[in-house]
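J.: Here is the input, now give the coordinates:
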Amino acid sequence: MNSLYGIPVSGMQGANFTLDVAANDIANVNTSGFQAVTSLLESLPAQSPLTDPTNAADANTQNRVGMGVRPGATERSQAQASLQATGNPLDLALTGPNYFALSAPNGQLVYAQQVSLHLQPDGTLVTDQGLTLNPSLRVPPQVVRVSVDAHGVVTGETLSGRRTQVGTLRTVTFAAPENLQAQGGGLYTETVGSGRPQQTATGTVPVYSGYQLGSTVDLATEMVNVIQAQGQFTASAKALQTLDSLIGTVVNLQAR
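T.: Got it, this is the predicted structure:
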């Protein structure tokens, strides 16, 4: 009986998982740089029916009964986010499978497709999250203004108008960026599935200065996912209710 109850229950759990993922996407529809997430359900292993006279000895898998579904994994969208102008020349964005390489305070390497840079009093360029570029860039003394061109070249300017090249931003790419581990705040770390970061040739990746990325969440798609998940939950709940009613009827008949 447990397996009979387990099928509709697993359907309800799978629907809840889908609803949670869709709700998180909808909540981040206006979050800069957010990549939409799709929920993936897995089928539970099929089993022989309860009335199987061979007691599961039949090797024909076509005679087996599915036991329902379970939450499997999530998959991040790799759709290109729109570029949104910010008016801040140190808001930088990348498109495609390209990422900035950054160093966290603990020394861990993290990656992001957009950064907002700030010039510290000691000349170090850091992001608004307190991360430094990798390799680190430090502008010379007397520099009061920093700019980044479309090739990632960082240039400093003094009060007198003298310009000096500081360095070039490092960008990397991954064989499977969809497998990067999201850390929140638009930051990612490499995984076995993503592959090792491969440095791109200097100046070959366009850097968009004065832009940030939009969200890749599509509200119409998310609403369809919500409606489908609600339908799955309702159907599973009705199946559970019907099964419980039938079993209750059988128990009452046996008790007479």
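
J.: any idea how the chain splits into domains?
T.: With domains defined by automatic domain parsing, the chain comprises 2-77+217-255, 83-213.

J.: Just the endpoints, please. Distance across the last one?
T.: Between the opening and closing residues of domain 83-213 there is a gap of 5 Å (CA to CA, to the nearest Å).

J.: Show me which positions of the host helix or strand of residue 223 end up buried.
T.: Using DSSP states H and E, residue 223 falls within helix 219-255. Of the residues in helix 219-255, 222, 225-226, 229, 232-233, 236, 239-240 count as buried by neighbour count, 16 or more other CB atoms under 10 Å. C-beta here means a position set from N, CA and C on the backbone, and glycine is covered the same way.

J.: same deal with stretch 172-184?
T.: By neighbour count on 16+ other CB under 10 Å, the buried set for stretch 172-184 is 172-174, 177, 179-180.

J.: Report the beta-bridge partner residues of the residue nearest the centre of the chain.
T.: Centroid-nearest residue in the chain, with CA atoms, centre = their mean: residue 76, separated by 4.0 Å. Per DSSP bridges, the residues bridged to residue 76 are residue 37.

J.: for residue 165, same thing?
T.: With DSSP bridges as the rule, residue 165 is bridged to residue 155.

J.: before we move on, what about residue 181?
T.: Following DSSP bridges, residue 181 is listed with bridge partners residue 189.

J.: That one contacts residue 193, doesn't it?
T.: No. Here residue 181 does not reach residue 193: they are 9.0 Å apart, not a contact under CB atoms under 8 Å.

J.: which ones are touching residue 215?
T.: Listed by CB atoms under 8 Å, 6 or more residues apart in numbering, the contact set of residue 215 reads 28-36, 81.

J.: Please apply the same query to residue 11.
T.: Counting by CB under 8 Å, 6+ apart, residue 11 makes contact with 68-69, 232-233, 235-236, 239.

J.: now residue 117
T.: For residue 117, the contacting residues are 90, 92, 125-127, 133, 146, 148, by CB under 8 Å, 6+ apart.

J.: wait, which of those is closest to residue 164?
T.: Closest approach to residue 164 among the contacts of residue 117 (CB to CB): residue 146, at 10.4 Å.

J.: What strand or helix carries that closest one?
T.: Residue 146 belongs to strand 143-148 when assigned by DSSP H and E.

J.: Identify each buried residue in that strand, please.
T.: 143, 146, 148.

J.: Switch those residues over to TSV; also include distance to residue 43.
T.: Shown next, in TSV, are these (distance: CB to CB, whole Å):
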residue	distance to residue 43
143	60
146	54
148	49
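
J.: Surely residue 105 is in contact with residue 127?
T.: No. Counting by CB under 8 Å, residue 105 sits too far from residue 127 to count as a contact (11.5 Å).

J.: Looking at the two, which is more packed in?
T.: residue 127 (22 against 9; other CB atoms under 10 Å).

J.: mind listing what the more buried one touches?
T.: Applying CB under 8 Å, 6+ apart, one finds that residue 127 lies in contact with 102, 112, 115-118.

J.: Next, it: phi, psi?
T.: Main-chain dihedrals, residue 127, degrees, to the nearest 10: phi -80, psi 170.

J.: beta partners for it?
T.: Partner residues in beta bridges with residue 127, using DSSP bridges, are residue 117.
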